[in-house]
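Engineer: Here is a sequence together with a model predicted from it:
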Amino acid sequence: MIDLALLSVPILAAMVGWFTNWLAIQMSFYPVRFVGFGVIGWQGVIPRKAEKMAHICIDRTLQQFGDLNAVYQELEPQRIVEQVISQVTPRLDEYIDEVMYDIQPVLWDNLPIFVRHRIYQWARQQLPSRVEDLVEDFGDDLDELVDLKALLSAELQQHPDLMNRIFRQAGAVELRSVINRGAIIGGLLGAVLLPFWLRYPAPWVLPVGGFLVGFATNWLAINLIFAPLRPRRFLFWKVQGLFLRRQPEISDVWARLVAEELITVEKVANAMLNGAQGDRTRAILQKHLRPLLDNSIVLKLSAQVTVGMTGYVELKKAMNQKAVVATRDVFSDPAFNRERAPVVAGVLASQMKALGPAEFQDILRPAFREEEFQLMVVGGILGALAGALQALSLA
């Protein structure tokens with residue numbers, strides 16, 4: 001019996017340590033959405049806290065960089081101007097026709113062809129300068145026009161698994177290491193428990209010891225991720241929190257996924273048009289597009305003579321609405337979004353890498369700090385059950 005005890009206690013403790021660490025990692029990631037009834041249930045820590053982590057991350061990176069307007073300047077506004085012109089110019093005649101046939105079909109049909117062509121030509125000549133001024137205006141006010149936190153919140157509600165992918169892609173090696181270390185730590189704790197159980201072989205010793213093993217290994221698993229904050233020398237090893245040690249890799253993965261899936265040019269443009277400041281965005285569009293209509297003397301006089309000032313005002317409203325549609329078309333171009341994504345990613349990654357260890361930890365740690373006690377208790381309960389089963393088998 002003693003020989004069996006000598007073998008089984010540390011072996012079972014190692015198994016408990018491995019399993020509880022594995023379970024703690026799984027409970028950090030899954031389920032992606034809440035499973036349960038009312039307050040009874042569970043959702044993975046990371047997807048549940050993804051929004052909070054994303055907001056902290058954006059605050060910290062923009063705090064380093066300045067604001068969204070400064071980031072915008074890194075995106076080469078001239079490249080955005082070129083994209084708008086290249087996408088709108090081939091369809092400009094079509095846009096004008098659609099508006100005119102929708103609002104004033106009689107006027108448009110009765111205009112001579114050469115007059116229409118003069119209007120097309122005028123619009124094409126005016127477009128580059130109008131777009132340059134428009135893009136510059138947006139760049140100056142982008143921080144006020146786009147609520148980046150609202151955009152992130154909306155997207156993370158639709159893609160709650162995004163943070164899971166960031167952690168799994170950036171920290172796969174470290175997560176496996178945490179699980180495997182659980183077995184080593186559990187086995188060592190079991191070896192410490194063994195002499196106590198041999199001296200006091202009471203039925204409660206193994207369940208209580210199992211609880212302590214499960215609780216302690218989960219506590220160590222979480223702390224191995226985030227501590228120590230800075231590299232420290234321990235005998236022959238230099239140790240640091242596993243995710244802190246991987247700050248450059250995590251920054252690159254985070255920035256790439258955010259740029260490709262969250263803060264795309266298309267989604268920022270959509271947030272500008274349909275967000276809380278959508279009316280202001282439309283007002284800026286109107287300000288810069290109005291000269292296209294007002295300065296086209298032929299069209300202005302023809303419209304006012306044919307349909308009066310009221311009809312002319314309606315025509316301008318229709319032009320503004322078409323401009324909103326054209327803006328969506330321009331920035332929904334997949335190729336342009338793919339091309340700009342590395343630029344956005346580079347800006348975000350460089351700022352995340354520049355954060356100090358404490359600032360970087362503050363992005364990730366709050367999500368776990370609020371839930372880590374529950375994870376440790378679950379590990380302790382599983383350890384206690386394993387210890388109770390072992391006590392019964394050795395009775």
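Structural biologist: Yep, it's here. Since the model is a prediction, treat every value here as computed from it, not as a measurement.
Engineer: so residue 203 touches residue 390, yeah?
Structural biologist: No: using Cβ atoms under 8 Å, residue 203 is not in contact with residue 390, being 10.8 Å away. No exception for glycine: its C-beta is placed from N, CA and C like everyone else's.
Engineer: more neighbours, the two?
Structural biologist: The residue with more neighbours, out of residue 203 and residue 390, is residue 390; 22 against 11, by other Cβ atoms under 10 Å.
Engineer: How about the contacts made by that one?
Structural biologist: Contact analysis of residue 390 by Cβ atoms under 8 Å, 6 or more residues apart in numbering lists 8-9, 12, 206, 210.
Engineer: what helix or strand is it on?
Structural biologist: Counting by DSSP states H and E, the element that carries residue 390 is helix 372-394.
Engineer: and that helix, how far out from the chain's middle?
Structural biologist: Centroid separation for helix 372-394 versus its chain: 36 Å, with Cα atoms, centre = their mean, to the nearest Å.
Engineer: what about residue 353, which helix or strand?
Structural biologist: Residue 353 belongs to helix 334-354 when assigned by DSSP H and E.
Engineer: So, low pLDDT: which residues of the stretch 251-395 of the chain?
Structural biologist: Scanning the stretch 251-395 of the chain with the threshold set as pLDDT under 70 gives 289-316, 320, 366-368, 370, 395.
Engineer: Restricting to C-alpha, output stretch 239-253 in CSV.
Structural biologist: Provided in CSV are the C-alpha atoms of stretch 239-253 (Å, rounded to 0.1, in the frame of the first residue of the first chain):
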residue,chain,number,x,y,z
VAL,A,239,12.6,34.5,-16.9
GLN,A,240,9.8,36.9,-17.7
GLY,A,241,6.0,36.7,-18.1
LEU,A,242,5.4,34.5,-21.2
PHE,A,243,3.2,37.0,-23.0
LEU,A,244,5.4,39.9,-22.0
ARG,A,245,8.4,38.1,-23.5
ARG,A,246,6.4,37.8,-26.7
GLN,A,247,5.4,41.5,-26.9
PRO,A,248,6.8,42.1,-30.4
GLU,A,249,5.1,39.0,-31.9
ILE,A,250,1.8,39.7,-30.1
SER,A,251,1.9,43.3,-31.3
ASP,A,252,2.4,42.2,-34.9
VAL,A,253,-0.4,39.6,-34.8
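Engineer: need the strands for the protein, in chain order.
Structural biologist: Taking DSSP state E as the criterion, the chain carries its strands at 35-37, 40-42, 232-234, 237-239.
Engineer: Adding mean neighbour count and distance to residue 168 as columns, could you present those in CSV?
Structural biologist: Below are those laid out as CSV (neighbours: other Cβ atoms under 10 Å; distance: least, Cβ to Cβ, whole Å):
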stretch, mean neighbour count, distance to residue 168
strand 35-37, 9, 20
strand 40-42, 10, 19
strand 232-234, 9, 27
strand 237-239, 10, 23
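Engineer: Nearest approach to residue 118 belongs to which of the ones you listed?
Structural biologist: Shortest distance between residue 118 and the strands of the chain, using Cβ to Cβ, is found for strand 35-37: 65.4 Å.
Engineer: now that closest one, how far from the centre of its chain.
Structural biologist: The chain centre lies 25 Å from the centre of strand 35-37; the measure is Cα atoms, centre = their mean.
Engineer: Can you give the strand pairings for that strand, parallel or anti for each?
Structural biologist: With DSSP bridges as the test, strand 35-37 is paired with strand 40-42 (antiparallel).
Engineer: coming back round to it: other SSEs contacting the helix holding residue 353?
Structural biologist: Helix 334-354 is packed against helix 50-65, helix 68-74, helix 247-261, helix 265-274, with contacts defined by 3 or more Cβ pairs under 8 Å, 6 or more residues apart in numbering; DSSP states H and E.
Engineer: quick check: mean pLDDT across the longest one?
Structural biologist: Here the mean pLDDT over helix 50-65 is 71, rounded to a whole number.
Engineer: ditto for the second one
Structural biologist: Taken as a whole, helix 68-74 carries a mean pLDDT of 69.
Engineer: if we can go back for a sec, can you list the helices and strands packed on helix 334-354 in CSV and add mean neighbour count?
Structural biologist: Shown next, in CSV, are the helices and strands packed on helix 334-354 (neighbours: other Cβ atoms under 10 Å):
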stretch, mean neighbour count
helix 50-65, 19
helix 68-74, 17
helix 247-261, 20
helix 265-274, 20
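Engineer: closest one to residue 226 among those helices?
Structural biologist: Using Cβ to Cβ, those put helix 247-261 closest to residue 226, at 11.8 Å.
Engineer: Just name whatever secondary elements the closest one is in contact with.
Structural biologist: With contacts defined as 3+ Cβ pairs under 8 Å, 6+ apart, helix 247-261 has these neighbours: helix 162-199, helix 334-354.
Engineer: Adding distance to residue 239, write the ones you listed out as TSV.
Structural biologist: Listed next are these as TSV, based on distance: least, Cβ to Cβ, whole Å:
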stretch	distance to residue 239
helix 162-199	12
helix 334-354	21
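Engineer: Let me know which of those helices is the nearest to residue 123.
Structural biologist: Of all these, helix 334-354 sits nearest to residue 123, with 22.4 Å by Cβ to Cβ.
Engineer: Report the buried residues of that closest one.
Structural biologist: 336-337, 340-341, 343-345, 347-353 (16 or more other Cβ atoms under 10 Å).
Engineer: Same check on stretch 270-289?
Structural biologist: Neighbour counts over stretch 270-289 (16+ other Cβ under 10 Å) mark 270-273, 275, 277, 281-282, 284-285, 288-289 as buried.
Engineer: Likewise for stretch 101-117?
Structural biologist: Under the neighbour-count criterion of 16+ other Cβ under 10 Å, stretch 101-117 has 103-104, 107-108, 111, 116 buried.
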